[in-house]
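In: 3D model of this:
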Amino acid sequence: MNNKYQLIYEGKAKKVFSHDDADKVFIEFKDDATAFNALKKAKFEGKGKLNCLISARIFEHLIKHNIPTHFLKLKNDNTMIAQKIKVIPLEIVLRNIAYGSLCKQTTIKSRTNLVKPLIDIYLKNDELNDPLITKDRIELMNILSSKDLDLMIDLTLKINIILKNFFKNIQLQLVDFKLEFGYDFENKILLGDEISPDNCRLWDLNQNNDTIVSLDKDRFRNDLGGLLEAYSEIYSRINNFIELN
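Out: Predicted structure coming up:
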């Protein structure tokens, strides 16, 4: 990124820089992969580019379906231009199928199809290890109003319907995903962060047997290998689908 732009924030997978327009930012995607709250780390050349391009395509699809997002356009293959938002320090996780931490923390069996989507909310705080948090605790901490929290949950449920259909069209099952939101300069809630195989659990539906084939960050978490190949496959499927439609 050009030296004239100030680094505002650096996270595990992205850097946020100032823009000529004070209401916008540049978001540069890094090649770093992290898991278990950054206890496990590695670098994969080209991962940032793939996540940026996948996110851009998905944001464009959501915008067409009237979901308010921070995404404006791509600057280049690994940098997007977005609305500057004040990030709400909550992570909204929606689960369609029981897997991972849900099964470790409850008696629900792995791979159970949930009768309705489950929404879990986590406090975005590395020092506290992003704990699961209740609505009452959110209110107690004065993070945001119950009206705004309800709006975020409603948006998450709408996004789930759109994304489930979108991924099903490219032979992927949306198991679960994590979203982040923020306020723009008009105090309007926008979907922020990214939507990519880093924060979506995606299983390949092109399987003849009952084996799970993950095309997401579980390939890194669980030492399955083939992370870049999986992300490339998702980008290829998305592009093919968009070109045909």
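
In: which residues of the chain fall in helices?
Out: 47-64, 101-105, 135-140, 146-169, 218-221, 227-244 (DSSP state H).

In: contacting residues around the first one?
Out: Residues from elsewhere that reach helix 47-64 (C-beta atoms under 8 Å, 6 or more residues apart in numbering): 13, 28-33, 69, 71, 73-74, 77-80, 159, 162-163, 166, 191, 194-198, 227-228, 231-232, 234-235, 238-239, 242. All C-beta atoms are positioned from the backbone trio N, CA, C, and that covers glycine.

In: Export the helices of the chain to a markdown table and append columns for mean neighbour count, distance to Tyr122 and mean pLDDT.
Out: What follows is the helices of the chain, written out as a markdown table (neighbours: other C-beta atoms under 10 Å; distance: least, C-beta to C-beta, whole Å; pLDDT from 0 to 100):
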| stretch | mean neighbour count | distance to Tyr122 | mean pLDDT |
| --- | --- | --- | --- |
| helix 47-64 | 20 | 20 | 97 |
| helix 101-105 | 13 | 10 | 94 |
| helix 135-140 | 13 | 11 | 95 |
| helix 146-169 | 16 | 13 | 97 |
| helix 218-221 | 20 | 17 | 95 |
| helix 227-244 | 16 | 24 | 94 |
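
In: Quick one: closest of those helices to Asp184.
Out: helix 146-169 (13.0 Å; C-beta to C-beta).

In: packing partners for the closest one?
Out: helix 47-64, strand 90-97, strand 113-123, helix 135-140, strand 172-179, strand 189-191 (3 or more C-beta pairs under 8 Å, 6 or more residues apart in numbering; DSSP states H and E).

In: contacts for that helix?
Out: Contacts with helix 146-169, where a contact means C-beta under 8 Å, 6+ apart, come from 58, 61-62, 65, 67-68, 88, 90, 92, 94, 96, 117, 119, 135, 138-139, 144, 173-174, 177, 179, 181, 189, 191, 195, 200, 202, 205, 241.

In: nearest to Asn3, of the helices of the chain?
Out: Across the helices of the chain, closest to Asn3 is helix 47-64 (C-beta to C-beta), at 19.7 Å.

In: Wait, Ser214 touches Trp203, no?
Out: Yes - between Ser214 and Trp203 there is a contact under C-beta atoms under 8 Å: 6.2 Å.

In: Please parse the protein into its domains.
Out: Following automatic domain parsing, one finds the domains of the chain at 7-83, 86-244.

In: Is it possible to get CSV of those that adds distance to Met1?
Out: Shown next, in CSV, are the domains of the chain (distance: least, C-beta to C-beta, whole Å):
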stretch, distance to Met1
domain 7-83, 5
domain 86-244, 17
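
In: how much space is there between Ile54 and Glu127?
Out: Separation of Ile54 from Glu127 (C-beta to C-beta, to the nearest Å): 30 Å.
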